[in-house]
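*Asks:* Curious how this folds, go ahead:
(2 chains)
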Amino acid sequence: AQKVTQAQTEISVVEKEDVTLDCVYETRDTTYYLFWYKQPPSGELVFLIRRNSFDEQNEISGRYSWNFQKSTSSFNFTITASQVVDSAVYFCALRVGIQGAQKLVFGQGTRLTINP
Amino acid sequence: DVKVTQSSRYLVKRTGEKVFLECVQDMDHENMFWYRQDPGLGLRLIYFSYDVKMKEKGDIPEGYSVSREKKERFSLILESASTNQTSMYLCASSSGTGGWNEQYFGPGTRLTVT
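*Replies:* Below you'll find the predicted structure:
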């Protein structure tokens, strides 16, 4: 069975602090994809990043960075120098297989609040 | 830009009513999805469709049905709404069959069943 766990339900930090959102996944497949989405207060999920199971390179995009470690089945997301606009609910998701319908399994989400 | 629109942002219905939630995407995507979002549970897949008139059950299809008569439109139907269907409903679409393709989401419909 496939499962995604985001153990941190809520995180609250002061602006400019660094914050890491944890994501742990379970799957027996060797081919899979991992995604992060952001859901701001407006409600619409926004795609942030994807990773396939064969690419363990970490990625940095501005203040955002992602650490993918197959050895620990984790795909963690770090925001450096957080800003109030980063306040949102963040979801990690897993997609298994490369053919057929694209079912995603989502984690429970982490509500991040950045205080000024 | 990909745009996924949903017919209502907020909806209030009575128990036993038939409810239609409409979703339209403008990027000619093959795949469309309906999720519900509940606190502490994340997003759970209700139904999805990978082609016109095709549909497949997701993880929680009970109490719901769907219709996809045109490629751009995917409707979620609650035949007889119940209070446990009070939730946020999110529609999404994506292209092709490759697992690489991200899903694009609509703004959601917050449904309250009283």
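
*Asks:* Quickly note the distance from residue A:25 to residue B:67.
*Replies:* 33 Å (Cβ to Cβ, to the nearest Å). Every residue, glycine included, has its C-beta placed from N, CA and C.

*Asks:* For the two, indicate the residue with more neighbours.
*Replies:* residue A:25 (21 against 16; other Cβ atoms under 10 Å in any protein chain shown).

*Asks:* The more buried one and residue A:92 touch, don't they?
*Replies:* Yes. Under the criterion of Cβ atoms under 8 Å, residue A:25 makes contact with residue A:92 at 7.4 Å.

*Asks:* so what's in contact with the two at the same time?
*Replies:* A:4, A:34, A:75 (Cβ atoms under 8 Å, 6 or more residues apart in numbering or on different chains).

*Asks:* In what element of secondary structure is the first one found?
*Replies:* Under the criterion DSSP states H and E, the helix or strand holding residue A:4 is strand A:3-5.

*Asks:* Outside of the next helix or strand after that strand itself, list whatever touches it.
*Replies:* Downstream of strand A:3-5, the next assigned helix or strand under DSSP H and E is strand A:10-14. For strand A:10-14, contacts defined as Cβ under 8 Å, 6+ apart pick out A:19, A:21, A:82, A:110, A:111, A:112, A:113, A:114, A:115, A:116.

*Asks:* Which residue would you name as the spatial centre of chain B?
*Replies:* residue B:34 (2.6 Å; Cα atoms, centre = their mean).

*Asks:* Which helix or strand lies directly C-terminal to the host helix or strand of that residue?
*Replies:* Using DSSP H and E, residue B:34 falls within strand B:31-38. Per DSSP H and E, strand B:31-38 leads on to strand B:42-49 as the next helix or strand towards the C-terminus.

*Asks:* Which elements pack onto that following strand?
*Replies:* strand A:88-96, strand A:104-106, strand B:31-38, strand B:56-57, strand B:65-70, strand B:73-78 (3 or more Cβ pairs under 8 Å, 6 or more residues apart in numbering or on different chains; DSSP states H and E).

*Asks:* go with 10 Å
*Replies:* With contacts taken as 3 or more Cβ pairs under 10 Å, 6 or more residues apart in numbering or on different chains; DSSP states H and E, strand B:42-49 sits against strand A:88-96, strand A:104-106, strand B:31-38, strand B:56-57, strand B:65-70, strand B:73-78, strand B:87-94.
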